[in-house]
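Visitor: Mind folding the following:
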Amino acid sequence: MFLSFIPAWLACLIWYGSSSKQKLLKKSLPILVSSITVLMLVGLMFTILIMHLPTVSALITGFSLICCFLPLVTLISAYKKYYLHLSSALIFILALSSPFFSWLSLNFGGNV
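Guide: Okay, here's the model as predicted:
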């Protein structure tokens, strides 16, 4: 389920990058290509969430992720690029390590 954080974060980064008021890139991303990419990433996020949660819970969780990540990207990018890189790395590490830790707990954890 945490793997859905990656497409949500990337979608918010691309969404912010296509804005004319963004200060992260020298030139904003093309709107049409960005919109198509964001829709595909949001669809991937919802697909991952629907595989793990009931439909209504997946929709609520997905929209909550977008509503949390978009302002976070906007606020972090107002400072240094370093903070945006650091937060992106933390989200990717968290999302990619969570299946490994759940596998470890299932295979090597004690029976409760």
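Visitor: tell me which residues in the helix or strand where Leu90 lies are buried?
Guide: Using DSSP states H and E, Leu90 sits in helix 81-108. The neighbour-count check on helix 81-108 (16 or more other CB atoms under 10 Å) flags 84, 87-88, 91, 95 as buried. C-beta here means a position set from N, CA and C on the backbone, and glycine is covered the same way.
Visitor: Reduced to three states, what does Ala11 come out as?
Guide: Secondary structure for Ala11, judged by DSSP: H, G, I helix; E, B strand; the rest coil, is helix.
Visitor: Model confidence for it, exactly?
Guide: Per-residue confidence (pLDDT) for Ala11: 94.
Visitor: Show the contacting residues for it.
Guide: By CB atoms under 8 Å, 6 or more residues apart in numbering, the residues touching Ala11 are 37-38, 41-42, 45, 66, 69.
Visitor: tell me the two of the residues you listed that are most distant?
Guide: Using CB to CB, those span at most 15.3 Å, a distance reached by Thr37 and Phe69.
Visitor: higher neighbour count, those two?
Guide: Ranked by neighbour count (other CB atoms under 10 Å), Thr37 and Phe69 place Phe69 first, with 21 against 17.
Visitor: which residues touch stretch 37-48?
Guide: With contact meaning CB under 8 Å, 6+ apart, stretch 37-48 is reached by 1, 3-4, 7-8, 10-11, 14-15, 58-59, 62, 65-66.
Visitor: That'll do, ta.
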